[in-house]
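K.L.:
After the sequence you'll find the predicted model.
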Amino acid sequence: MVNTSNGTMTPTVTLTGIVCHKCQCKVAEVLDGCPSCGSESIETIELKQNGTIVSFTVVHVGFGHMASRAPYLLAIVQTEENVKLTTIIDGVTDFGSVKIGDTVRFKESDETIGPVFQY
């Protein structure tokens, strides 16, 4: 919880993942075992919220629950811990201005999408 300027408490938004104690693999998901080595010796961690766009595309025709969001930016983001994840980038008004290497920040975890980042 974070104390706001008016004295009320609001929940903090965190990017949660796991780290494997056997092979040190980190992922931005909460799983029962390590996706790299299969070990169950894992720990839930909070990942740093800043990341860098390493790849992206503009989705002009979404499907299913994403249809109403189109057009939107779908990107692979690498966090400060070198964890790569596929995510939506909110707050993009000019798709032509987006570049590989742009810095983004974790915004929220959407129940139907997963992690959402923003400019």
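P.N.:
Done, it's in. Numbering: from 1, shown residues only.
K.L.:
Residue 23 - that's part of a strand, no?
P.N.:
No - Residue 23: not assigned to a strand; according to DSSP: H, G, I helix; E, B strand; the rest coil it is coil.
K.L.:
my read: it touches residue 39, true?
P.N.:
Yes - counting by CB atoms under 8 Å, residue 23 does reach residue 39; the two are 6.8 Å apart. For every residue, glycine as well, the C-beta is placed using N, CA and C.
K.L.:
Do a quick rundown of the strands in the chain.
P.N.:
Ranges of strands in the chain, per DSSP state E, are 2-3, 9-10, 15-20, 26-27, 42-47, 50-59, 72-79, 84-90, 103-110, 114-118.
K.L.:
Identify the residues contacting residue 59.
P.N.:
66, 70-74 (CB atoms under 8 Å, 6 or more residues apart in numbering).
K.L.:
Report the two of these separated the most.
P.N.:
Using CB to CB, the contacts of residue 59 span at most 12.0 Å, a distance reached by 66 and 73.
K.L.:
So for these two, which sits in the more crowded spot?
P.N.:
Per other CB atoms under 10 Å, whichever of residue 66 and residue 73 has more neighbours is residue 73, with 21 against 15.
K.L.:
Quick check: nearest residue in space to the more buried one, chain neighbours excluded?
P.N.:
Once flanking residues are discounted, residue 73 sits nearest to residue 89: 4.2 Å by CB to CB, 6 or more residues apart in numbering.
K.L.:
go on, residue 114?
P.N.:
residue 87 (6.8 Å).
K.L.:
Okay, and the beta partners of the one you found?
P.N.:
residue 75 (DSSP bridges).
K.L.:
Tell me if I'm right that it and residue 77 touch.
P.N.:
Yes - here residue 87 reaches residue 77: they are 5.3 Å apart, a contact under CB under 8 Å.
K.L.:
and for those two, which residues touch both?
P.N.:
Common neighbours of residue 87 and residue 77 (criterion: CB under 8 Å, 6+ apart): residue 117.
K.L.:
correct me, but residue 44 touches residue 30?
P.N.:
Yes - with contact defined as CB under 8 Å, residue 44 reaches residue 30; the gap is 5.9 Å.
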